[in-house]
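In: what follows is a predicted structure for the sequence shown.
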Amino acid sequence: MNEYTKTEPEKAILVGCQLSRQTDEHFFYSLDELKSLTETAQGTVAAVVTQKRDRYDSATYIGSGKIEEIVALESELEADLIIFNGELTPSQNRNLSRSLSARVIDRTQLILDIFAIRARSREGKLQVELAQLEYMLPRLSGIGSTMSRLGAGIGTRGPGETKLEKDRRHIRVRIHELKRSLTQIASHRDRHRDRRKTAGVIQVALVGYTNAGKSTIFNRLTEAGTYEENQLFATLDPLTRKLKLPHGLSVLASDTVGFIQDLPTSLIAAFRSTLEEVKEADLLLHVIDGSHEDRVQHERTVNKILNELGASSIPVLTVFNKKDLFAEGFVPSGTSSLSISALHNEDIAILRERTEKEIMKLMEYYHIEVQASDGKWLSELKSATILMHQSFNEDKGVYECKGYAPKDYHFPKSN
Ligand SMILES: Nc1nc2c(ncn2[C@@H]2O[C@H](COP(=O)(O)OP(=O)(O)OP(=O)(O)O)[C@@H](O)[C@H]2O)c(=O)[nH]1
């Protein structure tokens, strides 16, 4: 529960408009997704209304006959809000709000709302607030009082609602402030990223469709190794933590925002900097809810977004999660994949091992001898490489060490 959660779920009517150029598959998947998104935002779906058109009505998005149908439905079902499965222009929103008594929101506002509930890092929260305000600004005038501020239910919640003022001037000032803070956070993050790169720290990013279980896996993978005194790890965003691999090497793991189909453009822009982490990653763990009937579309959606981000060449380990809920007989295929349940410790251990194996593929095998007197070097190898094997060679008086090291790793000089 969070402070924006209402105890009574709001009743929503969903409205979809299928254009002639849109396939049934895409349209109904997108509508199904809108249903899940509504539920994620703690609403219930009371009815779904659809219409086929050649193009959206420029004044009201859908035709007047459909609006009358919705007017009748909203009073019959006592709906609290009408959610349109698209992006309404400011004037469409105004006109629809005049005809309908329930609150009108669109897909973008719904998604922004979910992001507002879920944003965890300070940067994420500020970005959602900025995207909400920028979306709201042109839609302010002439809208009923419930729409003119955040915090009035689904589609209106946000991390900064207490600071918001109704009037545009205040919003513009706040937008300016948010942009400044975000620039500072971004440059701070860039500096850290550079330091991490220079230090050769390997980075893993968890990506996946919303609700796939990324955060659950992330927390379990990293719980043993949160913050260390080590400077490199000390002041990171809370969504990047240390992940210790079975042979002792520590890498950095980042949790990312959940992906959604047709992510509104304003949000892609807002989250671009957070998603930079994805581009910088050496390995992606693509988490898929294997128990979800739409898992194939989910996987496609995520791959499409990765492609758009320019991250499609990064090696991926596909993690089919929620094995405990898989349909009978479902066995995911794919060479670089595994099935787990994030709720089972033994599966998390298997994932950790598998992640280490994938990271080894990015490294170079080494076999070296370390002088017995050179203990410092040995401990350096343990912490900076995957040291698979070490044994003492009595004849030579050296340790034989075998393992995998980052490609640009500089082996320390022996005494
Ligand atoms: N039964 C079952 N539930 C799981 C498993 N993994 C995660 N869950 C649940 O699935 C829900 C979503 O998990 P999260 O970890 O929040 O998912 P996420 O991918 O981070 O979601 P976003 O924040 O939307 O990106 C939570 O209720 C988890 O408890 C699993 O292996 N089995």
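Out: Structure's in. What do you need?

In: pull the helix or strand with minimum mean pLDDT from the chain.
Out: helix 231-234 (a mean of 44; mean pLDDT, DSSP states H and E).

In: helices and strands around the following helix or strand past it, which ones?
Out: Using DSSP states H and E, the helix or strand that follows helix 231-234 towards the C-terminus is strand 240-244. Judged by 3 or more CB pairs under 8 Å, 6 or more residues apart in numbering; DSSP states H and E, strand 240-244 is in contact with helix 214-222, strand 250-255. (Glycine included, C-beta is placed from N, CA and C.)

In: distance from the chain centre to the last one, please.
Out: Which is strand 250-255. Distance of strand 250-255 from its chain centroid, counting by CA atoms, centre = their mean, to the nearest Å, is 15 Å.

In: direction included, what does it pair against?
Out: Next to strand 250-255 in the sheet, as set by DSSP bridges, lie strand 203-208 (parallel), strand 240-244 (antiparallel).

In: export these to JSON lines and tack on mean neighbour count, distance to A253 and mean pLDDT?
Out: As requested, the strands paired with strand 250-255 are exported to JSON lines (neighbours: other CB atoms under 10 Å; distance: least, CB to CB, whole Å; pLDDT from 0 to 100):
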{"stretch": "strand 203-208", "mean neighbour count": "24", "distance to A253": "5", "mean pLDDT": "92"}
{"stretch": "strand 240-244", "mean neighbour count": "20", "distance to A253": "4", "mean pLDDT": "87"}
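
In: among those, which is nearest S337?
Out: Evaluated over the strands paired with strand 250-255, closeness to S337 peaks at strand 203-208, with 12.8 Å, by CB to CB.

In: next, the angle from the closest one to helix 214-222.
Out: Angle of strand 203-208 versus helix 214-222, following axes from the mean of the first three to the mean of the last three CA atoms, to 10 degrees, is 150 degrees.

In: what lies in contact with strand 203-208?
Out: 196, 214, 217-218, 243, 251-256, 258-259, 277-278, 280-289, 298, 302, 306, 355, 359 (CB atoms under 8 Å, 6 or more residues apart in numbering).

In: on that earlier part again, tell me which of the strands paired with strand 250-255 approaches L19 most closely.
Out: The nearest among the strands paired with strand 250-255, by CB to CB, is strand 203-208 at 29.3 Å.

In: which residues of the stretch 51-200 of the chain lie near the ligand?
Out: Within the stretch 51-200 of the chain, the positions near the ligand by CB under 6 Å from any ligand atom are R118.

In: go again with 8 Å.
Out: Selection of the stretch 51-200 of the chain residues close to the ligand by CB under 8 Å from any ligand atom yields 114, 118.

In: right, and the ligand sits closest to which residue of the stretch 51-200 of the chain?
Out: Relative to the ligand, the nearest point of the stretch 51-200 of the chain is R118 (4.9 Å; CB to the nearest ligand atom).

In: quick one: secondary structure of the closest residue to Q390 other than its chain neighbours?
Out: Spatial nearest neighbour of Q390, chain neighbours left out: C401 (5.0 Å); criterion: CB to CB, 6 or more residues apart in numbering. Using DSSP: H, G, I helix; E, B strand; the rest coil as the criterion, the local structure at C401 reads strand.

In: quick one: residues contacting C401.
Out: 366-370, 378, 381, 387, 389-390.

In: on that earlier part again, redo the strands paired with strand 250-255 as CSV? Include distance to Y61.
Out: Putting these into CSV (distance: least, CB to CB, whole Å) gives the following:
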stretch, distance to Y61
strand 203-208, 31
strand 240-244, 41
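
In: looking at those strands, which is nearest to the ligand?
Out: The nearest among the strands paired with strand 250-255, by CB to the nearest ligand atom, is strand 203-208 at 5.4 Å.

In: is any part of that closest one close to the ligand?
Out: Yes: Strand 203-208 lies within reach of the ligand by CB under 8 Å from any ligand atom, at G208.

In: can I get that strand in PDB, CA atoms only?
Out: The C-alpha coordinates for strand 203-208 follow below in PDB (Å, rounded to 0.1, in the frame of the first residue of the first chain):
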ATOM      1  CA  GLN A 203      27.500  -4.500 -15.100                       C
ATOM      2  CA  VAL A 204      24.300  -6.600 -15.300                       C
ATOM      3  CA  ALA A 205      20.900  -5.100 -15.900                       C
ATOM      4  CA  LEU A 206      17.600  -6.700 -15.200                       C
ATOM      5  CA  VAL A 207      15.000  -5.900 -17.900                       C
ATOM      6  CA  GLY A 208      11.500  -7.100 -18.500                       C
END
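
In: how far off centre is it?
Out: How far strand 203-208 lies from its chain's middle: 9 Å, per CA atoms, centre = their mean.

In: helices of the chain, start to end?
Out: Counting by DSSP state H, one finds helices in the chain at the ranges 24-40, 64-77, 90-99, 107-118, 122-136, 168-198, 214-222, 231-234, 265-280, 295-309, 345-360, 375-384.

In: mean neighbour count and distance to A47 for those - can I get that in a markdown table?
Out: Listed next are those as a markdown table, based on neighbours: other CB atoms under 10 Å; distance: least, CB to CB, whole Å:
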| stretch | mean neighbour count | distance to A47 |
| --- | --- | --- |
| helix 24-40 | 17 | 11 |
| helix 64-77 | 14 | 6 |
| helix 90-99 | 18 | 16 |
| helix 107-118 | 24 | 16 |
| helix 122-136 | 22 | 26 |
| helix 168-198 | 14 | 34 |
| helix 214-222 | 20 | 32 |
| helix 231-234 | 14 | 50 |
| helix 265-280 | 18 | 27 |
| helix 295-309 | 18 | 24 |
| helix 345-360 | 17 | 40 |
| helix 375-384 | 16 | 59 |
